[in-house]
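Enquirer: Quick one: sequence and predicted model below, then my questions.
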Amino acid sequence: SAVISQKPSRDICQRGTSLTIQCQVDSQVTMMFWYRQQPGQSLTLIATANQGSEATYESGFVIDKFPISRPNLTFSTLTVSNMSPEDSSIYLCSVQGDRGNYGYTFGSGTRLTVV
Amino acid sequence: QKEVEQNSGPLSVPEGAIASLNCTYSDRVSQSFFWYRQYSGKSPELIMSIYSNGDKEDGRFTAQLNKASQYVSLLIRDSQPSDSATYLCAVKASGGYNKLIFGAGTRLAVHP
């Protein structure tokens, strides 16, 4: 299965600032997925990122708050903009497995604390 | 809203027992189902996938799928303290989006 390098692993940020999270995959993938996991909660999909097109956002998430880039088939970034304490969460990127293996793999996650 | 439901637990079982984790889903057209294990402070790790009705076994893990009842389960035989984690049920959404929808997770505690 694909291996994902995600960074930073954690950060503490001031409210009103922005943080960009990066995910690098060791193989080419069509779709990358960005999830949020709030403390004690399950995973909520933020958006799906396809190379060469605008990301598709889920209900409750908007591009101005969570802009996503997908410049090629192995890389994506998620920016959390104008942060508030409510944005304190773990952010995870994910990709679908290789042909014949449809399991989804996750990056190691970014633990964000907004103060 | 397409949903995936799990009992949040905690489910407490003695070491060596069988742990049974259950999940129901609302999207009748879903075809792919996954179980993830998540240790505290770690990202989810895929442990089982299942696509057809019936049972699928992998080591101490057995996934069971009943599409008519919209029900997925995970059995862990010979439970070990190292199995203590949150188990997340995930369903691949229909409609060509390829995204996974997760349940809230069941916390499993295996005590010696």
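Expert: Arrived safely.

Enquirer: going forward, measure contacts and count neighbours with C-alpha atoms only.
Expert: Fine.

Enquirer: where along chain A do the helices fall?
Expert: Applying DSSP state H to chain A gives no helices.

Enquirer: for chain B, what are the nearby residues on it?
Expert: A:33, A:41-45, A:48, A:92, A:103-109 (Cα under 8 Å from any Cα of the partner chain).

Enquirer: Only the buried subset of these, as a PyMOL command please.
Expert: Selecting only the buried entries of the residues of chain A next to chain B in PyMOL, with 16 or more other Cα atoms under 10 Å in any protein chain shown as the criterion:
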select buried, chain A and resi 33+42+43+44+45+48+92+103+104+105+106+107+108+109
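
Enquirer: So the closest residue to chain A within chain B: helix, strand or coil?
Expert: Nearest residue of chain B to chain A (Cα to the nearest Cα) works out as B:Ala104 at 4.8 Å. State at B:Ala104, reduced to three classes by DSSP: H, G, I helix; E, B strand; the rest coil: coil.

Enquirer: My read is that it contacts B:Gln6, right?
Expert: Yes: the pair B:Ala104 / B:Gln6 is scored as a contact, 6.1 Å apart, by Cα atoms under 8 Å.

Enquirer: Got phi/psi on the nearest residue to B:Phe61 once chain neighbours are set aside?
Expert: Leaving aside its sequence neighbours, B:Phe61 sits nearest to B:Ile76 (Cα to Cα, 6 or more residues apart in numbering or on different chains; 4.8 Å). Dihedral pair for B:Ile76: phi -120, psi 110, per degrees, to the nearest 10.

Enquirer: how about the closest residue to A:Ile12 other than its chain neighbours, what does it touch?
Expert: Using Cα to Cα, 6+ apart and skipping the chain neighbours, the partner closest in space to A:Ile12 is A:Thr113 (4.7 Å). Applying Cα atoms under 8 Å, 6 or more residues apart in numbering or on different chains, we find A:Thr113 in contact with A:10-13, A:85, A:87-89.

Enquirer: which parts of chain B sit against chain A?
Expert: So chain B meets chain A at B:34, B:42-46, B:49, B:88, B:99-105 (Cα under 8 Å from any Cα).

Enquirer: which of those residues tops the neighbour count?
Expert: The residue in the residues of chain B next to chain A with the most neighbours, by other Cα atoms under 10 Å in any protein chain shown, is B:Gly105 (30 neighbours).

Enquirer: re earlier: shared neighbours of B:Ala104 and B:Gln6, which are they?
Expert: B:Cys89.

Enquirer: Point out the other helices and strands that whichever helix or strand B:Phe34 is part of packs with.
Expert: Here B:Phe34 is covered by strand B:33-38, with elements defined by DSSP states H and E. Helices and strands touching strand B:33-38, by 3 or more Cα pairs under 8 Å, 6 or more residues apart in numbering or on different chains; DSSP states H and E, are strand B:45-50, strand B:85-92.

Enquirer: rerun at 10 Å
Expert: With contacts taken as 3 or more Cα pairs under 10 Å, 6 or more residues apart in numbering or on different chains; DSSP states H and E, strand B:33-38 sits against strand B:19-25, strand B:45-50, strand B:61-66, strand B:71-76, strand B:85-92, strand B:100-102, strand B:106-111.
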